[in-house]
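>>> mind looking at a prediction? Sequence and model below.
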Amino acid sequence: MRARVSNRVEAMGRDPVWRLLLRFSGPAIVSMMVASSYNIVDSIFVGRLGPEALAALAVSFPVMMIFMAIAMGTGLGAASLISRRLGAGDREGANRVAGVTLTLTILVGALMTIIVLPNLETLLRLFGASGTVLPLAKNYMSILTTFAVVNSFALIIGNIVRAEGNPILPSVVMIVAALSNIALDPVLIFGVGPIPAMGVAGAATATVSARAIGAVILVIYFVSGKTSYRFRPSYFLPNLRILIEIYRVGLASIARSAAGSVVMVVVNRTAASFGVVPLAVMGVLFRASSFAFMPCAGLGQGVLPLVGYNFGAKQKERVGEVVIKAGLASFIWGVLCWIFVMLFSTQIIAIFNTDPQFLVEGTRALRIFALIFFSIGIQMVLSFFFQGIGKGLPSLVLASARQVIFLLPALLIFPRMFGLAGLWAAFPASDVLSVILTLIWTSIEFRRQGIRFRLRYS
């Protein structure tokens, strides 16, 4: 058993890169696509309740992004640190990080509930909720906030399981949770037999129930001893140095999504100033676009441990090969998504709601919003590269560049100049600038590390 685990870890520095990307990113991509399908299906069911319900999801999205940002940042920071320690041959150090992360998972979830729940209505108002939208958003988010520990568990623990060289289990957990969510959604939203219709609260209850199933699977994995990690009681005690190392890298992911939450405040308030329909359209755009973005995030999750391990093992040429090939794959995926959206934008919007005003504005918004879809994956993969090598500052800047440095000013300027069309156009404009910045910074880092840009490495 231990020999098999050792081979699994060492393969990250030995096997062909395309095979490793398929092994590590393939399951993550599948699980992310299933997860994004859940987001889309969730919006489809909620959309049957009317534009106000879709608007409630839109104003809830920034709060959800904050939760996901903290959980994902914690998990990615821990995964990067574990991968680098495994690459350097420090198994005990990797075990200590995993133990601290397990404790941190509970603490992070509990703090999110304690801090956010008493201030939930204030936050939702800040994020654009008012009138009939506010009670719907509050019903939805109060359930997700109460069970924040459950919602964050799989995001954090899945990353440290992936870091030990086991990419399959976290993906299975996400798929099981997403499919459970899809199955529970119509039952709890509309009611079946003795189960009453719960509306938007039913969508939140379905999400919590499904993620609880995923958490149970991960707990069983650790308790059964199938993991390669070996724990001592002292490993579970918070360790300041480990916490600093985790968040030195994880802060980039937290900043990226937290910055996105700040931007969403501006987005929602701007969209709401044009009416409920534009606000509902914005919520649909973010959820529907996750189908394009999530596979790139899954690819990045596979890139991170491979980069971390090979960087820790001083195999910098392999680091470059992983990054270049993953970037190429993300670009091809982006082009396919762009073509699909441009050809079928009206049909995509009609899935969520068939209100004539919603269809017209949604179609126009999606076509503008998706103009630069083909470039987003590259920016995301390269951000994971900096996290994998432990470069917290570049990763932080690049992760927040799209939302804070470029998108926020565009949101403040474009709608004033071009009206509602300017709101949609702010997104592709910021995408172009952030990709240019990312490519320049990556070129500088490659040169500093002595890595050449080429597809095939000898």
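Yep, that arrived.

>>> next, the closest residue to F385 other than its chain neighbours: secondary structure please.
The shortest distance from F385 to any non-neighbouring residue, by C-beta to C-beta, 6 or more residues apart in numbering, is to V323 (4.8 Å). Bear in mind the C-beta positions are built from the backbone N, C-alpha and C, glycine included. Recorded secondary structure, V323: helix (DSSP: H, G, I helix; E, B strand; the rest coil).

>>> my guess is V323 contacts L304, does it?
No - in this structure V323 lies outside contact range of L304 using C-beta atoms under 8 Å: 10.9 Å.

>>> which ones are touching the residue lying closest to A56 once chain neighbours are set aside?
Among residues not flanking A56 along the chain, L136 sits closest, at 3.6 Å (C-beta to C-beta, 6+ apart). Under the criterion of C-beta atoms under 8 Å, 6 or more residues apart in numbering, the neighbours of L136 are 52-53, 55-56, 199-200.

>>> gap between F24 and F344?
In this view, F24 and F344 are 31 Å apart by C-beta to C-beta, to the nearest Å.

>>> same drill for these two, tell me which one is more crowded.
More neighbours surround F24 than the other of F24 and F344, with 28 against 12 (other C-beta atoms under 10 Å).

>>> which helix or strand contains that one?
Assigned by DSSP states H and E, F24 belongs to helix 17-47.

>>> buried residues, that helix. List them.
Residues 17, 20-21, 23-47 are the ones in helix 17-47 that count as buried (16 or more other C-beta atoms under 10 Å).

>>> do me a favour and average the pLDDT over it.
Helix 17-47 carries an average pLDDT of 77.

>>> now for it, which elements pack on it?
Here helix 17-47 touches helix 51-87, helix 168-190, helix 200-223, helix 276-312, helix 316-350, going by 3 or more C-beta pairs under 8 Å, 6 or more residues apart in numbering; DSSP states H and E.

>>> gap between S289 and R91?
S289 sits 40 Å away from R91, going by C-beta to C-beta.

>>> the more surrounded of those two?
Higher neighbour count among S289 and R91: S289, with 21 against 15, using other C-beta under 10 Å.

>>> surely that one and F369 touch.
Yes - at 7.0 Å, S289 counts as touching F369 under the criterion of C-beta under 8 Å.

>>> where does pLDDT dip in the protein?
Judged by pLDDT under 70, the chain has its weakly predicted residues at 1-10, 12, 14, 31, 35-36, 38, 252-253, 256-257, 392, 453-458.

>>> contacting residues for P238?
100, 103-104, 107.

>>> so it is in which element?
P238 belongs to no helix or strand, assigned by DSSP H and E.

>>> identify the residue spatially nearest to V208, adjacent ones excluded.
F147 (4.5 Å).

>>> tell me which of the helices and strands packed on helix 17-47 lies nearest to Y140.
helix 200-223 (4.5 Å; C-beta to C-beta).

>>> on contacts alone, who are the packing partners of the closest one?
Where contact means 3+ C-beta pairs under 8 Å, 6+ apart, helix 200-223 is packed against helix 17-47, helix 51-87, helix 133-146, helix 148-163, helix 168-190.

>>> how about it: buried residues?
Within helix 200-223, the residues that count as buried by 16+ other C-beta under 10 Å are 200-215, 218, 221-222.

>>> that helix to helix 133-146, inter-axis angle?
Taking axes from the mean of the first three to the mean of the last three C-alpha atoms, to 10 degrees, helix 200-223 and helix 133-146 form an angle of 10 degrees between their directions.

>>> how far is helix 200-223 from where the chain is centred?
17 Å (C-alpha atoms, centre = their mean, to the nearest Å).

>>> do the same with stretch 87-105
Taking the mean of its C-alpha atoms, stretch 87-105 sits 23 Å from the chain's own mean (C-alpha atoms, centre = their mean).
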